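# here you go, sequence then predicted model.
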Amino acid sequence: MRLIFLGPPGAGKGTQAGDYAEENSVPHISTGDILRRAIALATPTGVEAKGYVDRGDLVPFEVILRLVRDRLDEPDAAGGWILDGFPRNLEQAAAFADLLNEMGATIDRVVYFEVAEEAVVERLGGRRTCRNCGAVSHVVFAPTKTEGVCDVCGGELYQRSDDEEDQIRNRMKVYSDETSPLVGHYKEQGLLLTIDAAAPVATVSESLRAALKA
């Protein structure tokens, strides 16, 4: 089982990837996680990546691609994997296809979590984070007992800057410009499965499992 999960910010693909990966005993892989892990473990590629991070530079894609290959070469990925939000554009998709070809591997399915921009704005814009313990709530979907007060520790809740509406819409524009063409790309290859990510989490989970089983 080798899967790619695609979708805009706030589509819930990370949650679904984590749950499905755990159920099937395969790693849930995101580039952010493997970058932090490689740096923490001081792997050769991790040390190289840390140099860019320490200088405040973006880690070049060729370094990220090596990190991905290193992760896919680990024993727990032998039976499959779920890539969360990677590749991010058509150029990366082509490079990743070449990498898989070198490794003698293929993509089984690409799952696209489809959700409208306004639903994303509502989901992300309603999130509130505790300044004290970091617990996350939602003004509509998971409100705290007392407005502005964390249920866990009683700390003050605030809206992170990247959850503000203008930031969310900017992220959606970047996604639309760079990542959404991947949907057509993988559809042409007959790999795409589309899931209605606007539905409740449990419904999305059921749809995902039914689609992959079929």
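Thanks, I have it. Bear in mind the structure is a predicted one, so any value in this text is a computation, not a measurement. Numbers count the residues shown, from 1 in each chain.
# which ones are touching residue 30?
14, 83-86 (Cβ atoms under 8 Å, 6 or more residues apart in numbering). To be clear about C-beta, it is placed using only N, CA and C from the backbone, and glycine gets the same treatment.
# can you give me the helices in this protein?
All helices of the chain, identified by DSSP state H, fall at 13-24, 31-41, 44-54, 61-72, 90-103, 117-125, 165-174, 181-188, 201-213.
# export the ones you listed to CSV and tack on mean pLDDT?
Listed next are the helices of the chain as CSV, based on pLDDT from 0 to 100:
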stretch, mean pLDDT
helix 13-24, 93
helix 31-41, 91
helix 44-54, 92
helix 61-72, 94
helix 90-103, 96
helix 117-125, 92
helix 165-174, 92
helix 181-188, 95
helix 201-213, 94
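# so can I have JSON lines of those helices showing distance to residue 3?
Listed next are the helices of the chain as JSON lines, based on distance: least, Cβ to Cβ, whole Å:
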{"stretch": "helix 13-24", "distance to residue 3": "8"}
{"stretch": "helix 31-41", "distance to residue 3": "15"}
{"stretch": "helix 44-54", "distance to residue 3": "24"}
{"stretch": "helix 61-72", "distance to residue 3": "13"}
{"stretch": "helix 90-103", "distance to residue 3": "13"}
{"stretch": "helix 117-125", "distance to residue 3": "22"}
{"stretch": "helix 165-174", "distance to residue 3": "23"}
{"stretch": "helix 181-188", "distance to residue 3": "11"}
{"stretch": "helix 201-213", "distance to residue 3": "8"}
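# check contacts around the residue in the chain sticking out farthest from the centre.
No residue in the chain sits farther from the centre than residue 146, which is 31.2 Å out by Cα atoms, centre = their mean. With contact set as Cβ under 8 Å, 6+ apart, residue 146 has no partners.
# distance check, it against residue 30.
For residue 146, the distance to residue 30 equals 34 Å [Cβ to Cβ, to the nearest Å].
# ok so, going back, between the contacts of residue 30, which is nearest residue 150?
residue 14 (22.5 Å; Cβ to Cβ).
# hmm, residue 83 and that closest one touching each other?
No. The pair residue 14 / residue 83 is not scored as a contact, 11.4 Å apart, by Cβ atoms under 8 Å.
# quick check: neighbours shared by those two?
With Cβ under 8 Å, 6+ apart as the test, residue 14 and residue 83 both reach 5, 30.
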